[in-house]
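*Asks:* Got a predicted structure here, sequence first:
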Amino acid sequence: MSISPNTIQKIQQAVEIVDVVSDFVSLKKKGSSWQACCPFHNERTPSFSVSPSKGIFHCFGCHKAGNAVTFVMEADKCSYPEALRYLAKKYHIEIEETHTTDEQAAQQSLRESLLIALQFAKEKYSQDLMQTDEGQSLGLGYFKERGFNQATIQKFELGYSLDAWQGLESKALAKGFSQEILEKSGLIIKKDDGKTYDRFRGRVMFPIHNLAGKTIGFGARTLKKDDKPKYLNSPETEVYIKNEILYGIYQAKNAIRNQEECFLTEGYTDVLSLHQNGIENVVASSGTALTDNQIRLIKRFTDNITVLYDGDSAGIKAALRGIDLLLAQGMNVKAVVFPDNEDPDSYVRKVGGEAFRQYLASKSKDFITFKTELYLGEVGNDPVKKAGIIRNIVESISKIPDSIKRAVFFKQTSQLLGISEDILIAESNKLVIAEQKKASQQTATQNQVFATELQQDALIEGLTAQTLEAVSKESVEKIIGYQEKESIRLLLRYGQYYVNNEQQLWQYLFEELVEITFHTPVYKEILTLYQTATQKNEVVDVEYLMAKGSPEVQTMVSHLLWEKYSISENWQKMYGIFIPQETDVLPKSVYSNILRLKHRLLEKIIAENLQKLQNLAAPEEEETILTTHLQLTQTKNQIAKLLGSVVTGWVN
């Protein structure tokens, strides 16, 4: 079954892009738009913008752009139908479905199939927890023993997997799931002899959700004393990549954004107990080492993080690497250590939510004080060991990208350890230089790529006299694509403008392009959509193209319509400097672009004609090809002459 056009229209009318994007990243208002650090690439200063009036987003760093649907597709790495279903659920829109052909069903993505299977498993585990004798006595008994109430169980969708070899598999197969999908989702294991069995037998289940709230995997704890391992996680799949997700992020993201702080713990039960006691801005790394991807996930909602450590010094030292990763991402890091033999779960159950908050407030320390106190108690008066600690702390400070923060922490370290700031800074500079040398080869490669891109840009802009015969076919296609893109940009932004007394820009453009076929699929689709709409006397605007176009069209329309900058009116008011707007020279711009496009296409045709001459099969064809070549060259030269002249007004 597929989503009906009527439902898609309702979704598109209901969505508010700022509301949708805020589910995945923390936005801040700036003028008429909203800004954030881009969720699609790593950056330190915001280049990602959302325009509520246009209903689009755009990143000036990685150049991703689109509407609410395409944003969900990018952020959740999901298909177009999945994104629509997510938005329908968010805005309480009932989905009407139409029959899906066998061909469409066959094209259903593996990712979508896995998510459906995992959703089925989550629902079965939940039912088995609450509606079977085994689930109630063992699974529910365990959760109650740990102090979790019904609200917490429902909030985190906890469950229980029956202690049966094929309990889940048999039910899933009966529902139409294939054994292949069940295996790829990590729900069953297939042995070498072909036999299969449920992965999570006799365990309490902790569903792992992505930012959109979809179940992407499971954590499972055994209830048998001799069963190993104690905790068993889903294997990595198309939808579950362990280093990109944190347990509880879906339930915690709003609290993290609102309170501008995130608490990081190690285990599932830490998250559950803190939530139950009113502390909801908490996530867990699930016992694995913290990764850059997980840090970037937190950074979407806050720059402030407090790491909660169990009262075990050996475990704390093993986890300290995570602090350096946090610092390198520009995070503001604090740490809290609980009393011996206590963890966040046990301690909050012992003292309650309010006392727990007071403990965090009184015991949290910045990472310098934390590391210094942790190590100094062990070294005594040993100068060599103390020097090692100082070097370790300097390494951490050197990870901080903000120079002012580094200076503050060097001063603090100098006071704490009784050593000159100059020495600390000198040691830091050595570390930075070493890192720069280590990355020199990578930088050289990047510079080479950048130089190549500059050459291509120069070629595109007509700043070189290099002939078509000397460039690759790929470069030629890029040049033509650039001119096609500019034609579409002018059409989208100024299609309704009059370029003379009788014609609007779209009319003039269509007349000039009547014998030209676009090569780039996305530009060709936009042009066709626009032409079809005008033939029906329909108004073509952003909403029309977003509703009718493919995801690629939606992204490109957003990209082309986004104003990267605007000229301040103060230039003319205060300084008497007049800078013409694009609309002031629109006839010249569209005329020049059409000439450039025709010029590039003629160059391509001439090159192809010359290729025919080189590969001539029959000598009698030579005269025809040479005649054609002469005509094409004359036309190209005429256009080149027009392009080389200064156009001072509209040319008929």
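*Replies:* Yep, it's here. Numbers count the residues shown, from 1 in each chain.

*Asks:* Would you map out the domains in the chain?
*Replies:* 2-106, 110-240, 249-434, 481-562+581-644 (automatic domain parsing).

*Asks:* how about the strands of the stretch 51-200 of the chain, start to end?
*Replies:* 56-59, 65-66, 97-98, 159-161, 188-190, 196-198 (DSSP state E, counting those that start in this stretch).

*Asks:* Most tightly packed of these?
*Replies:* strand 159-161 (a mean of 28; mean count of other C-beta atoms under 10 Å). Glycine gets a C-beta too; all of them are placed from N, C-alpha and C.

*Asks:* what's in contact with that strand?
*Replies:* Contact partners of strand 159-161, identified using C-beta atoms under 8 Å, 6 or more residues apart in numbering, comprise 122, 124-129, 132, 134-135, 138-140, 167-168, 198, 200-205, 207, 220.

*Asks:* now do 10 Å
*Replies:* Contact partners of strand 159-161, identified using C-beta atoms under 10 Å, 6 or more residues apart in numbering, comprise 121-130, 132, 134-143, 153, 167-168, 187, 198-207, 218, 220, 223.

*Asks:* Quick check on those residues: which are buried?
*Replies:* The neighbour-count test (16 or more other C-beta atoms under 10 Å) marks 121-122, 124-126, 128-130, 132, 134-135, 138-140, 142-143, 153, 167-168, 187, 198-207, 218, 220 as buried among the contacts of strand 159-161.

*Asks:* shaky segments in the stretch 551-652 of the chain?
*Replies:* Within the stretch 551-652 of the chain, the segments meeting pLDDT under 70 span 563-585, 613-623, 643-652.

*Asks:* and if you look at the stretch 301-450 of the chain?
*Replies:* In the stretch 301-450 of the chain (pLDDT under 70), the answer is 312-315, 318, 380, 439-450.

*Asks:* how does it look with 80?
*Replies:* 311-320, 376-381, 435-450 (pLDDT under 80).

*Asks:* the strands in it, which residues?
*Replies:* 304-311, 332-340, 365-366.

*Asks:* If you tally nearby residues, what's the number for the nearest residue to I3 once chain neighbours are set aside?
*Replies:* Distances taken as C-beta to C-beta, 6 or more residues apart in numbering place L84 nearest to I3, at 5.4 Å, with adjacent residues excluded. Neighbour count for L84, taken as other C-beta atoms under 10 Å: 22.

*Asks:* So L84 versus A284, what's the distance?
*Replies:* In this view, L84 and A284 are 31 Å apart by C-beta to C-beta, to the nearest Å.

*Asks:* ditto for F206
*Replies:* Distance from F206 to A284, by C-beta to C-beta: 10 Å.

*Asks:* Mutual contacts of those two, please.
*Replies:* G219, Y247, G248, G267, Y268, T269, V271, L272.

*Asks:* Span of stretch 50-57 from start to end?
*Replies:* Chord length of stretch 50-57, first to last residue, is 4 Å (C-alpha to C-alpha, to the nearest Å).

*Asks:* nope, stretch 362-373 is what I was after
*Replies:* Terminal-residue distance, stretch 362-373 (C-alpha to C-alpha): 16 Å.

*Asks:* Among the strands of the stretch 301-450 of the chain, show me which one is buried the most.
*Replies:* Of the strands of the stretch 301-450 of the chain, strand 304-311 is the most buried (mean count of other C-beta under 10 Å), at a mean of 21.

*Asks:* Mind listing the strands it pairs with, and their directions?
*Replies:* strand 262-265 (parallel), strand 332-340 (parallel) (DSSP bridges).

*Asks:* can you give me the mean pLDDT across the shortest one?
*Replies:* For strand 262-265, the mean per-residue pLDDT is 96.

*Asks:* mind checking how far the very next helix or strand once past it is from the chain centre?
*Replies:* As assigned by DSSP states H and E, the chain's next helix or strand after strand 262-265 is helix 268-276. Chain-centre distance of helix 268-276: 27 Å, with C-alpha atoms, centre = their mean, to the nearest Å.

*Asks:* and after helix 268-276, which helix or strand comes next?
*Replies:* strand 282-284.

*Asks:* Now do that next one: everything it contacts.
*Replies:* Taking C-beta under 10 Å, 6+ apart as the rule, strand 282-284 contacts 206, 219, 245-253, 255-256, 261-275, 294, 297-298, 305-306, 308, 344.

*Asks:* G141: what's it in contact with?
*Replies:* Counting by C-beta under 10 Å, 6+ apart, the residues that G141 touches are G135, Y160, V204, L223.

*Asks:* now D292
*Replies:* Contacts of D292 (C-beta under 10 Å, 6+ apart): N42, N243, E244, L325, L326, A328, Q329.

*Asks:* surely G352 meets N277?
*Replies:* Yes - look at G352 against N277 with C-beta atoms under 10 Å: they come within range, at 6.6 Å.

*Asks:* For the two, indicate the residue with more neighbours.
*Replies:* Between G352 and N277, counting by other C-beta under 10 Å, N277 is the more crowded of the two (20 against 12).

*Asks:* Can you report how many residues lie near the residue nearest to that one when sequence neighbours are not counted?
*Replies:* Among residues not flanking N277 along the chain, G353 sits closest, at 3.4 Å (C-beta to C-beta, 6+ apart). Residues lying near G353 (other C-beta under 10 Å) number 14.

*Asks:* Tell me how far G353 lies from G311.
*Replies:* 19 Å.

*Asks:* what does S428 give?
*Replies:* 32 Å.

*Asks:* same deal with R146?
*Replies:* In terms of C-beta to C-beta, R146 sits 19 Å off from G311.

*Asks:* And the helices in the stretch 51-200 of the chain?
*Replies:* 68-76, 80-90, 102-106, 110-131, 133-134, 141-145, 150-155, 167-174, 179-184 (DSSP state H, counting those that start in this stretch).

*Asks:* so can I have TSV of the ones you listed showing distance to L595 and mean pLDDT?
*Replies:* Output for these, formatted as TSV (distance: least, C-beta to C-beta, whole Å; pLDDT from 0 to 100):
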stretch	distance to L595	mean pLDDT
helix 68-76	33	90
helix 80-90	38	89
helix 102-106	44	52
helix 110-131	46	94
helix 133-134	78	96
helix 141-145	73	96
helix 150-155	63	97
helix 167-174	62	95
helix 179-184	54	95
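
*Asks:* Beyond the longest helix seen in the chain, next helix or strand please.
*Replies:* Ranked by residue count, the top helix of the chain under DSSP state H comes out as helix 586-614. Using DSSP H and E, the helix or strand that follows helix 586-614 in sequence is helix 622-644.
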